[in-house]
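S.K.: got a sequence here, can you build the structure:
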Amino acid sequence: MPLFRVLAMVSGFVLGTSISCLQAQALTPGTWTGSATKDNGDISTLTFDVAVTGDSIAITINSPERDNSFAVLDVKLANNTLSFSLPFGPDSKCVLARQTDGAFFGSCSGGAGAKSDIQMFPPARE
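M.R.: Reported below is the predicted structural model:
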């Protein structure tokens, strides 16, 4: 087999694999649903407004029960791990792992040892 043909096949495979990996890492824009469970067992229903522009991800967390909304900071999605900071101080951070169904489960920690378990479920597919 000629060398240029082998190189073309390898290049096509690498490009296809890279595109698949990028698509797998993508976060679906729209309104995600979920909850936060505090250490004391209190559960809050949440929605997550997710916007994606190029490589940037913006997330606004809404707590209808508390009539509260806030944008999260430093959103990163890498290796099926979603991380972000909350606007409540330098120690307020969240790390969530992507599940096989596309949801994210993890925890947020804050000052004074506060911790909440977080669940994020993707928007329903139409």
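S.K.: now the residue positioned nearest the centre of the chain: which helix or strand?
M.R.: Geometric centre of the chain, nearest residue: residue 82, 3.9 Å, by Cα atoms, centre = their mean. Element membership of residue 82, judged by DSSP states H and E, is strand 81-85.
S.K.: what strand or helix carries residue 87?
M.R.: Using DSSP H and E, no helix or strand contains residue 87.
S.K.: which residue packs closest to it, ignoring adjacent ones?
M.R.: residue 70 (5.6 Å; Cβ to Cβ, 6 or more residues apart in numbering). To be clear about C-beta, it is placed using only N, CA and C from the backbone, and glycine gets the same treatment.
S.K.: skip the chain neighbours and tell me the closest residue to residue 38.
M.R.: residue 116 (5.1 Å).
S.K.: longest strand in this protein, by number of residues?
M.R.: Of all the elements of type strand in the chain, the one with the most residues (DSSP state E) is strand 43-53.
S.K.: and the contacts of the next helix or strand after that one?
M.R.: Heading C-terminal from strand 43-53, the first helix or strand you meet, by DSSP H and E, is strand 56-63. Residues outside strand 56-63 that contact it (Cβ atoms under 8 Å, 6 or more residues apart in numbering) are 27, 44-52, 68-72, 75-77, 84.
S.K.: stretch 96-105 too?
M.R.: 28, 34, 80-83, 106-107, 117-122.
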